[in-house]
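J.: Could you look at this predicted model? Sequence included:
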Amino acid sequence: MRILALLVLAAVGCGKDNAPAAASLETIDGVTVVHVAGTPKEMGEQAGRLLKDRIRALLTDYLGAALPGDRSPVLLAARQMEAHIPARYRDEMKALAAAADVPYDDLLLGNVMVDPVPGTGSGVRKCAAGKRLWR
């Protein structure tokens, strides 16, 4: 999840005044930093290309462990939450999913439903059990 969180931070920090010349990866103190620029769609495409293998591995390993079995009840809740995500972020996630060749639904689940640290996020287990969506 550290990489996906950095995608958002890197995208937010890249305005026209401080945009890097080209999309790139950098490691600072062991943390991967992603430099992207452009529209949300362009930033998603750049990040998806740069991090394709990492994103695929992360979603396969992490999402598989966090949400084993039938994901349909959790995906239904994620789609309800998706309506409240600003369009620019949805555009970026869709472009990132396409460039990384991962299902958009998996990327959506990873962004809105999975707790990187158990007990700190969305309450996915309650939702999956048919209980309240938010704590």
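T.: On my side now, so go ahead.
J.: from what I can see, T32 looks like it's in a helix, true?
T.: No. Secondary structure assignment (DSSP: H, G, I helix; E, B strand; the rest coil) places T32 in strand, not in a helix.
J.: so for stretch 28-48, what's the average pLDDT?
T.: Average pLDDT, stretch 28-48: 91.
J.: In it, which of the residues would be classed as buried?
T.: Residues of stretch 28-48 classed as buried: 32, 34-37, 40-41, 43-48 (neighbour count, 16 or more other C-beta atoms under 10 Å). Glycine gets a C-beta too; all of them are placed from N, C-alpha and C.
J.: Pass me the low-pLDDT residue ranges in this protein, would you?
T.: Applying pLDDT under 70 to the chain flags the ranges 1-21, 114-135.
J.: which stretches of it form strands?
T.: Ranges of strands in the chain, per DSSP state E, are 24-28, 31-35.
J.: what's the neighbour count on R88?
T.: 14 (other C-beta atoms under 10 Å).
J.: my bad, should have said V112
T.: Based on other C-beta under 10 Å, the number of other residues close to V112 is 20.
J.: A97 too?
T.: Neighbours of A97 under the rule other C-beta under 10 Å: 20.
J.: go on, the one 4 residues further on?
T.: Counted with other C-beta under 10 Å, the neighbours of D101 add up to 10.
J.: Restricting to C-alpha, output stretch 79-99 in CSV.
T.: Output of stretch 79-99 as CSV, limited to C-alpha atoms (Å, rounded to 0.1, in the frame of the first residue of the first chain):
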residue,chain,number,x,y,z
ARG,A,79,-19.0,1.2,-6.0
GLN,A,80,-21.3,3.1,-3.7
MET,A,81,-18.3,4.9,-2.3
GLU,A,82,-16.9,5.5,-5.8
ALA,A,83,-19.7,8.0,-6.5
HIS,A,84,-18.1,10.3,-3.8
ILE,A,85,-14.6,10.2,-5.3
PRO,A,86,-13.9,13.3,-7.3
ALA,A,87,-13.9,12.7,-11.1
ARG,A,88,-10.2,13.6,-11.4
TYR,A,89,-9.2,10.8,-9.0
ARG,A,90,-11.5,8.3,-10.8
ASP,A,91,-9.9,9.3,-14.1
GLU,A,92,-6.4,8.8,-12.7
MET,A,93,-7.3,5.4,-11.2
LYS,A,94,-9.0,4.2,-14.4
ALA,A,95,-5.9,5.3,-16.5
LEU,A,96,-3.6,3.7,-14.0
ALA,A,97,-5.5,0.4,-14.1
ALA,A,98,-5.5,0.3,-17.9
ALA,A,99,-1.7,1.1,-18.1
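J.: Having no further points to raise, I will conclude here.
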